[in-house]
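What would the 3D arrangement of this be:
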Amino acid sequence: MPRKMENPLDGRPVFGAVAGGVIQDALLHMARENEQYLSELREEAGCFKETQIVEFVFLLSEKWSLTESARYQAIEIFERFMLTLIKEASHLTRAKEEDSKWASVKQQIEGTYVLRLVSCIQLASKLSFHYSIVNNNVVLRFLKSLGFSYTTEELLESELAILKALHFQINFPAPFAYVEMLLEVLGYNGYMLPTKQLLEMCRHLLALTYLLRSSVYDTLLKTSIKNSSPNELQLAKFLPVKEDLMLLAVGVIGASTFLLNPEGLNQVTEYLSDTTGIGRQDIIEAVYAILKHSVACCHTSSGALKEMVVLPRNKATSYI
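Okay, the predicted model is just below:
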């Protein structure tokens, strides 16, 4: 029996509407994008995904009725843009440019920080233009409410500066797209059905994981190395793990499954591992880290997962 399709006009994804071959190709493409990004990481990656920035983007996206994907796209655009500025600034210092020139660049970055962040949100809204685009008047009114006085021309110049810095490539991979795609693949292969309830749980846990990013990944690092005091080398090697969108997606799906149906976690973990190539123990550790901080009040679930993680791998999977 074909799966029921959701109304495409209400902003929810439509599961089961795409042929299997297209789904598999799309997942492979996303996996390659993810691997390429991880291979080119700068050491500052993730610095602009701190809680204050994420909370600002989430609240403003909610206020402007943006899609789930748009809010994560905005964060990714801002992160890539700021990393580009850092790269350019490092070239200036290496080239031993005049101190006054570097000071001018730094002052410009600090002076337009909020404007650039809001512009990234506006650009992200244009990537999902069939839902809701944030127009200039709305943005200008919001900036004015914060005490900033910008013109429409300055707003357009801000968008153009971001686009030029990123070579007009702003449709970056975003975590929610990975969650949706994996749910689609698993559902198509009969492993699990992407129900509204599961998708909603994934949405909530992904948002919480982004807001609690520092704590979640700190736990994941210490769990994986079995040491509460990681050294600088371990921290450096862990950077690709923090930026791995596929790992984040499987962790969120696994954690959501555990909350809705704890008995199904073992099977879902196996399916996610088979689909992505990520080790089952790695997925379990990601699930534990997410749940530990997002549902810390749930002592039973958190305790069960902690015991599961510290057990040997073969025993851990049978425990579930």
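
any weak-confidence spans in the stretch 1-150 of the chain?
1-20, 91-108, 129-131 (pLDDT under 70).

Tell me the helix or strand right after the helix or strand hosting residue 120.
Using DSSP states H and E, residue 120 sits within helix 113-127. For helix 113-127, the following helix or strand on the C-terminal side (DSSP H and E) is helix 136-145.

still on that earlier bit, for the helix holding residue 120, what is the distance to the chain centroid?
From the chain centre to the centre of helix 113-127 is a distance of 16 Å (C-alpha atoms, centre = their mean, to the nearest Å).

please begin residue numbering at 51 from this point
New numbering, starting at 51: the last item is helix 163-177.

So which elements touch it?
helix 101-113, helix 118-144, helix 186-195, helix 202-215 (3 or more C-beta pairs under 8 Å, 6 or more residues apart in numbering; DSSP states H and E). The C-beta positions use only the backbone N, C-alpha and C, and glycine is treated the same way.

closest to residue 342 out of these?
Closest approach to residue 342 among the helices and strands packed on helix 163-177 (C-beta to C-beta): helix 101-113, 16.8 Å.

about what we covered before: distance to residue 89 and mean neighbour count added to the helices and strands packed on helix 163-177, as JSON lines?
Shown next, in JSON lines, are the helices and strands packed on helix 163-177 (distance: least, C-beta to C-beta, whole Å; neighbours: other C-beta atoms under 10 Å):
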{"stretch": "helix 101-113", "distance to residue 89": "25", "mean neighbour count": "16"}
{"stretch": "helix 118-144", "distance to residue 89": "15", "mean neighbour count": "19"}
{"stretch": "helix 186-195", "distance to residue 89": "35", "mean neighbour count": "14"}
{"stretch": "helix 202-215", "distance to residue 89": "21", "mean neighbour count": "15"}
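
among those helices, which is nearest residue 255?
Per C-beta to C-beta, nearest to residue 255 of the helices and strands packed on helix 163-177: helix 118-144, 12.5 Å.

Can you spell out which helices and strands pack onto that closest one?
Contact analysis of helix 118-144 by 3+ C-beta pairs under 8 Å, 6+ apart lists helix 101-113, helix 149-161, helix 163-177, helix 202-215, helix 225-238, helix 246-261 as its packing neighbours.

Make JSON lines from those helices and add distance to residue 312 to it.
Output for these, formatted as JSON lines (distance: least, C-beta to C-beta, whole Å):
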{"stretch": "helix 101-113", "distance to residue 312": "28"}
{"stretch": "helix 149-161", "distance to residue 312": "47"}
{"stretch": "helix 163-177", "distance to residue 312": "35"}
{"stretch": "helix 202-215", "distance to residue 312": "44"}
{"stretch": "helix 225-238", "distance to residue 312": "18"}
{"stretch": "helix 246-261", "distance to residue 312": "13"}
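
Return the angle between stretch directions for the helix holding residue 170 and helix 186-195.
160 degrees (axes from the mean of the first three to the mean of the last three C-alpha atoms, to 10 degrees).

what's stretch 256-268 in contact with?
The set of residues external to stretch 256-268 that reach it, using C-beta atoms under 8 Å, 6 or more residues apart in numbering, is 96, 99-101, 104-105, 108, 122, 125, 225-226, 229, 288, 291-292, 298, 301-302, 339-340, 342-344.

Name only those of these that count as buried.
96, 99, 104, 108, 122, 125, 225-226, 229, 288, 291-292, 298, 301-302, 339-340, 342-344 (16 or more other C-beta atoms under 10 Å).

The stretch 251-370 of the chain: helices as residue ranges?
Under the criterion DSSP state H, counting those that start in this stretch, helices of the stretch 251-370 of the chain are mapped to 263-275, 282-292, 295-310, 315-326, 330-344, 349-360, 363-369.

Using PDB, write out the CA atom coordinates for the fifth one.
Read it as helix 330-344. These are the backbone C-alpha positions of helix 330-344, laid out as PDB (Å, rounded to 0.1, in the frame of the first residue of the first chain):
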ATOM      1  CA  ARG A 330      26.900   1.200  15.400                       C
ATOM      2  CA  GLN A 331      28.900   2.100  18.600                       C
ATOM      3  CA  ASP A 332      29.600   5.500  17.200                       C
ATOM      4  CA  ILE A 333      25.800   6.000  16.600                       C
ATOM      5  CA  ILE A 334      25.000   4.800  20.100                       C
ATOM      6  CA  GLU A 335      27.500   7.200  21.600                       C
ATOM      7  CA  ALA A 336      26.000  10.100  19.600                       C
ATOM      8  CA  VAL A 337      22.500   9.100  20.800                       C
ATOM      9  CA  TYR A 338      23.700   9.000  24.400                       C
ATOM     10  CA  ALA A 339      25.300  12.400  24.200                       C
ATOM     11  CA  ILE A 340      22.200  14.000  22.700                       C
ATOM     12  CA  LEU A 341      19.800  12.500  25.200                       C
ATOM     13  CA  LYS A 342      22.000  13.200  28.200                       C
ATOM     14  CA  HIS A 343      21.700  16.900  27.600                       C
ATOM     15  CA  SER A 344      18.400  17.300  25.800                       C
END
